[in-house]
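# pasting the structure only:
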């Protein structure tokens, strides 16, 4: 099972799941495809923050990720 932790940075997520890079790129997160950008901005940006910066709805992005076999890791206590 491929779980997305919404507290993890884009760098951490793409290191864990390299197959996430083209999916995120297609969603408009083009910086993740650039190793320099992924290694700098990606280390300080989470998926929710990236969505907010781009004016994207997190739920829409998560729906596309679900189509690719990703689920959201539940927050502790859920």
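In hand now; what should we look at? Here the structure is a predicted model, which is why all the values come from computation and not from measurement.
# Which parts of the chain are helices?
Using DSSP state H, the helices of the chain run over 10-16, 20-26, 35-40, 47-54, 58-67.
# Include mean neighbour count when you put the ones you listed into JSON lines, please.
Just so you know, the C-beta spots here come from the backbone N, C-alpha and C atoms, and that holds for glycine as well. As requested, those are exported to JSON lines (neighbours: other Cβ atoms under 10 Å):
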{"stretch": "helix 10-16", "mean neighbour count": "18"}
{"stretch": "helix 20-26", "mean neighbour count": "17"}
{"stretch": "helix 35-40", "mean neighbour count": "13"}
{"stretch": "helix 47-54", "mean neighbour count": "16"}
{"stretch": "helix 58-67", "mean neighbour count": "14"}
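# Distance to residue 1 added to these, as a markdown table?
Formatted as a markdown table, the helices of the chain follow (distance: least, Cβ to Cβ, whole Å):
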| stretch | distance to residue 1 |
| --- | --- |
| helix 10-16 | 12 |
| helix 20-26 | 14 |
| helix 35-40 | 24 |
| helix 47-54 | 17 |
| helix 58-67 | 12 |
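# Just put those in CSV and tack on distance to residue 4 and mean pLDDT.
Formatted as CSV, those follow (distance: least, Cβ to Cβ, whole Å; pLDDT from 0 to 100):
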stretch, distance to residue 4, mean pLDDT
helix 10-16, 6, 97
helix 20-26, 8, 96
helix 35-40, 16, 95
helix 47-54, 7, 95
helix 58-67, 6, 96
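# So which residue is dead centre in the protein?
For the chain, the residue nearest the mean C-alpha position is residue 47 (4.4 Å; Cα atoms, centre = their mean).
# separation between the residue lying closest to that one once chain neighbours are set aside and residue 27?
Nearest non-adjacent residue to residue 47, counting by Cβ to Cβ, 6 or more residues apart in numbering: residue 6, 5.9 Å away. Residue 6 sits 15 Å away from residue 27, going by Cβ to Cβ, to the nearest Å.
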